[in-house]
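[1] structure of the sequence below:
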Amino acid sequence: MNAPTVYVVDDDEQMQTLVRRILEPAYSVISFADARQFLGVVPALAPGCLVLDVYLPGLDGLDTLRALAKSDPRFPTIMITGMGDVNIAVQAMKAGAVDFIEKPFTSAALRDSVALAQRRLADSAGKEVERDAARSRLASLSEREREVLSGLVAGLPNKTIAYDLGVSPRTVEAHRARIMSKTQAPNFSALVRLALAAGEAASRDGEKPVIPGR
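    Predicted coordinates:
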């Protein structure tokens, strides 16, 4: 079994060496001295924890974290800095950092942070597999069936769904039966869980959710 990967972005070679010494051989450590270099190869990288220095030449750590959060969620990030700054820590956490540790840090502190990030990565991977499986089960639904399912997941009664779609309640009931059959959902609760796992958000203020298309 291959060791999980940890990426280090820090322009300090001594820090790169220290992180590698602490984490190997439990983890495979790959280092970058430049944030733009790391972002440039992100699409080709396997998912992994990222140890990211705040103060970098050129593109700094916070801007790197924000760019990564928008483009690729597969890299749960630990921010590190040698300058204690509460404001920077808050910004990092708001931008999506899993943890924030100050230099000099202990070996245990780094290992604990990386373990936390790895758990976050495993949770994310599990949800992605569940989402893909759910979307596969919904793929056979027609557009009208998806509209009916959106109404059902929003908690709307059959009569309301029928009115919104301009059909009879009996037609909605027939669509519901076909949806249950096509998705192999044993009951309505299972159908709702399936739809939510497929990626549509729970309804807000009565707004109907949108069931992902094919």
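[2] and residue 109, how many neighbours?
    15 (other Cβ atoms under 10 Å). For every residue, glycine as well, the C-beta is placed using N, CA and C.
[3] make that residue 181, sorry
    Per other Cβ under 10 Å, the neighbour tally for residue 181 reads 10.
[4] how close does it get to residue 160?
    Using Cβ to Cβ, to the nearest Å, one obtains 23 Å as the distance from residue 181 to residue 160.
[5] please apply the same query to residue 168.
    Using Cβ to Cβ, residue 168 is found at 13 Å from residue 160.
[6] what about the helices in this protein?
    For the chain, the helices defined by DSSP state H occupy 13-23, 35-41, 61-71, 86-94, 107-138, 143-153, 158-165, 169-183, 188-197.
[7] pick the most buried one from those helices.
    Counting by mean count of other Cβ atoms under 10 Å, helix 143-153 has the highest mean neighbour count of these, with a mean of 21.
[8] quick one, that one and helix 169-183 angle?
    Interaxial angle, helix 143-153 versus helix 169-183 (axes from the mean of the first three to the mean of the last three Cα atoms, to 10 degrees): 100 degrees.
[9] reformat the helices of the chain as CSV; add distance to residue 52 and mean pLDDT.
    CSV is the format used below for the helices of the chain (distance: least, Cβ to Cβ, whole Å; pLDDT from 0 to 100):
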stretch, distance to residue 52, mean pLDDT
helix 13-23, 11, 96
helix 35-41, 8, 94
helix 61-71, 5, 89
helix 86-94, 9, 80
helix 107-138, 11, 86
helix 143-153, 38, 91
helix 158-165, 47, 93
helix 169-183, 41, 93
helix 188-197, 31, 81
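[10] among those helices, which comes closest to residue 2?
    helix 107-138 (13.4 Å; Cβ to Cβ).
[11] orientation of that closest one relative to helix 169-183 in degrees?
    Going by the same axes, to 10 degrees, helix 107-138 makes 120 degrees with helix 169-183.
[12] from the contact counts, what lies against helix 107-138?
    helix 13-23, strand 49-53, strand 77-81, strand 99-102, helix 169-183, helix 188-197 (3 or more Cβ pairs under 8 Å, 6 or more residues apart in numbering; DSSP states H and E).
[13] how about the helices of the chain, which one is nearest residue 7?
    Nearest of these to residue 7, taken as Cβ to Cβ: helix 35-41 at 6.8 Å.
[14] now do the residue nearest to residue 58 when sequence neighbours are not counted against residue 63, distance only.
    Among residues not flanking residue 58 along the chain, residue 36 sits closest, at 6.2 Å (Cβ to Cβ, 6 or more residues apart in numbering). Distance, residue 36 to residue 63, using Cβ to Cβ: 10 Å.
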